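> give me the fold of what follows.
(one chain, ligands or ions: 2)
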Amino acid sequence: MEKLRDEVEAFYKLPVEEKLRYKEQPGDYEGYGGTGRLKGRLEWGDRFYMNTNPIHRRKPHLLPQLPSSFRESLEVYLEEVQKLAMKLMVLMAKALKTEAKKVEEMMDDGMQSVRITYYPPCPRPELVVGITPHSDASGITILNQVNGVDGLKIVKDGAWLPLTFLPHALVVNVGDILEVLSNGLYKSVEHSVAVNSEKERIAVGFFFNPRFDAEVGPATDIVGPENPAKFKRKGMEQYVKDYFAMKMEGRSNLEHMKIDNDGCRQ
Ligand SMILES: O=C(O)CCC(=O)C(=O)O
Ligand SMILES: [Fe+2]
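Ligands and ions are numbered 1, 2, ... in the order given. Now for the predicted structure:
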């Protein structure tokens, strides 16, 4: 984890021309991107988002072209964190009393991605956000606050709650897909990041998702007359496409999966 921190720090210190080799291309959502603007508040951070699995979906100009020591430490990290994510998903499936094997199959060699974000210090932090409030579209997300600077905040009981990470701890967020899978039992968490006026912050988020040929929907063995499905079913490929066509905003991205309250299924 220390190696990854050093590599990420070194990457963000590279001259901008170097980083622009990985620039987000128009119409693509992967690559190195700057700040966006939403509802008038500037997002204060440099981000690098890319798909890391399945391997054949890696964009040739992104991960394979990273400086080799960065790429190597990232690959080692990804290898470990995906094992951890699978263990956690299986435990969650058991807790949900759904067939753990099915969940394991659904997540095996699934879509995995990372977002590496560098939040520089901001002299007027109250005027900006680190990242627009959102929930992750993922099954689960494993967040690593690599340089130990806090900033993550979540919505709990309707109010924003700043989090303090224990040193070297990873934070696991429930994403929208786990909410859907659990038919609403686990809620995906709305979160955002506050930036610091003095310290830079670096975070690596790992998003663990089903396979592209899997179906996203409530686990079939937990829904029934007693527990009617609250969400639609959609192929993972379509789910991802629909997600990236939307703007990031709170938990609204989950709306497209909801079944209307009148009980009509689409
Ligand atoms: O910087 C963080 O801790 C969170 C970033 C985040 O929410 C994301 O990349 O989806
Ligand atoms: Fe997030």
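
> all contacts plus neighbour counts: C-alpha atoms, from now on.
OK.

> who are the packing partners of the strand or helix carrying Tyr77?
When secondary structure is defined by DSSP states H and E, Tyr77 falls within helix 68-96. Counting by 3 or more Cα pairs under 8 Å, 6 or more residues apart in numbering; DSSP states H and E, the packing neighbours recorded for helix 68-96 are helix 2-13, helix 100-107, strand 140-144, strand 201-208.

> how distant is the one helix or strand Tyr239 maps to from the center of its chain?
Tyr239 belongs to helix 236-244 when elements are defined using DSSP H and E. Remark: helix 236-244 is offset 14 Å from the chain centroid, using Cα atoms, centre = their mean, to the nearest Å.

> before we move on, back to that, among the helices and strands packed on helix 68-96, which is nearest Ile154?
Shortest distance between Ile154 and the helices and strands packed on helix 68-96, using Cα to Cα, is found for strand 140-144: 12.9 Å.

> for the protein, give me the ranges with low pLDDT.
Low-confidence segments of the chain, defined by pLDDT under 70, span residues 34-40, 261-266.

> got the residues of it near ligand 1?
When proximity is defined by Cα under 6 Å from any ligand atom, the chain lies next to ligand 1 at Arg115, Asp136, Leu152, Ser192, Val193, Ala203, Gly205.

> buried subset of those residues, written for ChimeraX?
Restricted to buried positions by 16 or more other Cα atoms under 10 Å, the ChimeraX selection for the residues of the chain next to ligand 1 reads:
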select :115,136,152,192,193,203,205
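
> reformat the residues of the chain next to ligand 1 as JSON lines; add secondary structure and distance to Phe11.
Written out in JSON lines, the entries for those read as follows (DSSP: H, G, I helix; E, B strand; the rest coil; distance: Cα to Cα, whole Å):
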{"residue": "Arg115", "secondary structure": "strand", "distance to Phe11": "14"}
{"residue": "Asp136", "secondary structure": "coil", "distance to Phe11": "25"}
{"residue": "Leu152", "secondary structure": "strand", "distance to Phe11": "22"}
{"residue": "Ser192", "secondary structure": "strand", "distance to Phe11": "23"}
{"residue": "Val193", "secondary structure": "strand", "distance to Phe11": "21"}
{"residue": "Ala203", "secondary structure": "strand", "distance to Phe11": "13"}
{"residue": "Gly205", "secondary structure": "strand", "distance to Phe11": "16"}
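
> tell me which of the residues of the chain next to ligand 1 is nearest to Tyr243?
Using Cα to Cα, Asp136 is the member of these that lies nearest Tyr243, at 10.1 Å.

> wait, the closest one touches Asp176, no?
Yes: Asp136 lies in contact with Asp176 (Cα atoms under 8 Å); the separation is 6.1 Å.

> what sits in contact with each of those two?
Each of Ser188 lies in contact with both Asp136 and Asp176 under the rule Cα atoms under 8 Å, 6 or more residues apart in numbering.

> make sure Asn253 is indeed in a strand.
No: note on Asn253: no strand contains this position according to DSSP: H, G, I helix; E, B strand; the rest coil, which reports helix.
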